[in-house]
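# this is a predicted model, with the sequence first.
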Amino acid sequence: MGENGRVTSLGPGRPRIAPRRREGRTPRAEILDAAAELFTTQGYASTSTRGIADAVGIRQASLYHHFHAKDDILEALLEGTVSQPLELTEALRAEPAPAAVKLYALVRFDVAQLCAARWNLGALYLLPELRSPRFESFRRQRDELREHYERLAAEVVAEVVAEQGRASAPGVEVLPFRLVESVISIRSDEGRAPEYAERLIPDAVMQMLGRSGGDDVRAAAEELLARLGYPRAR
């Protein structure tokens with residue numbers, strides 16, 4: 001049956017028990033969308049795989065065709081928050097642009113994708129379950145992204161010293177990554193993605209590192225992102 005019937009096909013042997021009701025082009029994407037909503041609204045521990053399946057409109061057995069356990073769904077959602085920024089950092093490595101331009105581009109893109117996500121998945125970073133060995137892969141990826149931020153920030157500080165002869169406060173290179181992730185708290189507090197964050201946070205990072213004259217850096221970063229194939233997320 002189609003959208004007006006009770007059963008639609010998900011593939012051989014996997015009938016859908018209700019009309020399509022989630023965002024996503026594939027059953028896997030629909031599962032992730034439903035889980036993201038439930039994890040961020042009613043809590044990870046309070047959400048069951050049956051509840052996720054019901055929210056999608058599929059049988060629980062069909063969910064297990066795509067994910068073996070609830071932990072696998074959480075891992076996929078978490079890794080989705082860092083995979084694109086990590087890909088961008090690798091692309092930026094080969095670019096001859098100044099570190100300030102590279103860092104601005106990374107911050108702008110990362111903030112934009114955290115804001116553009118339908119659900120505030122970064123809030124899941126605080127789950128106690130993430131401290132278990134099960135999520136070591138995600139923790140390692142997030143640490144890798146943080147290290148990229150800190151390396152670029154240190155390079156920006158060195159550029160400022162070379163160009164202007166003044167240094168930022170010791171240890172300031174650890175702050176840009178934390179400032180980017182402040183979007184997560186802002187979304188939680190305001191109940192929506194902050195419209196101002198995509199420009200304000202990258203500018204604040206530059207000021208924090210002592211880099212003045214933000215317009216030229218901003219324009220160069222936007223040009224760099226466009227050339228690398230990372231259009232604006234919003």
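Sure thing, it's come through. Residues are numbered from 1 along each chain as shown.
# helix or strand for residue 168, which one?
Counting by DSSP states H and E, there is no helix or strand that carries residue 168.
# state the distance from it to residue 206.
11 Å (C-beta to C-beta, to the nearest Å). (C-beta placed from N, C-alpha, C; glycine too.)
# quick one: which of those two has more around it?
Taking residue 168 and residue 206 together and counting by other C-beta atoms under 10 Å, residue 206 has the greater number of neighbours (22 against 19).
# where does pLDDT dip in this structure?
Residues of the chain meeting the criterion pLDDT under 70: 1-24, 213, 232-234.
# redo that, cut-off 90
The model of the chain has pLDDT under 90 over residues 1-27, 161-171, 190-195, 198-199, 211-215, 230-234.
# show me where it has helices.
With DSSP state H as the definition, the chain shows helices at residue ranges 27-41, 49-56, 60-66, 70-93, 99-116, 136-164, 175-190, 197-208, 214-228.
# so this structure: which segments form each domain?
What automatic domain parsing lists as the domains of the chain is 8-68, 71-228.
# chain center to the longest one: distance?
The one in question is domain 71-228. Between the mean C-alpha location of domain 71-228 and the chain-wide mean there is a distance of 10 Å, by C-alpha atoms, centre = their mean, to the nearest Å.
# so how far is residue 183 from the most centrally placed residue in the chain?
Using C-alpha atoms, centre = their mean, the residue of the chain that lies closest to the mean C-alpha position is residue 81, 2.7 Å off. Using C-beta to C-beta, residue 81 is found at 11 Å from residue 183.
# and if you look at residue 189?
Counting by C-beta to C-beta, the gap from residue 189 to residue 183 is 11 Å.
# more neighbours, these two?
Neighbours per residue, other C-beta under 10 Å: of residue 189 and residue 183, the larger number sits with residue 183, 23 against 9.
# ok, the closest residue to that one other than its chain neighbours - contacts?
The shortest distance from residue 183 to any residue other than its chain neighbours is 4.6 Å, reached at residue 114 (C-beta to C-beta, 6 or more residues apart in numbering). Under the criterion of C-beta atoms under 8 Å, 6 or more residues apart in numbering, the neighbours of residue 114 are 81, 122, 180, 181, 183, 184, 187, 193.
# residue 71: how many residues sit nearby?
14.
# touching, it and residue 134? I think so.
Yes: taking contact to mean C-beta atoms under 8 Å, the distance of 5.6 Å between residue 71 and residue 134 places them in contact.
# follow-up on the earlier one: mean neighbour count, the helices of the chain: which tops it?
Taking mean count of other C-beta atoms under 10 Å as the contact definition, the stretch among the helices of the chain with the greatest mean neighbour count is helix 99-116, which reaches a mean of 25.
# just want the angle from that one to helix 70-93.
Orientation of helix 99-116 against helix 70-93 (axes from the mean of the first three to the mean of the last three C-alpha atoms, to 10 degrees) gives an angle of 150 degrees.
# appreciated, that's everything.
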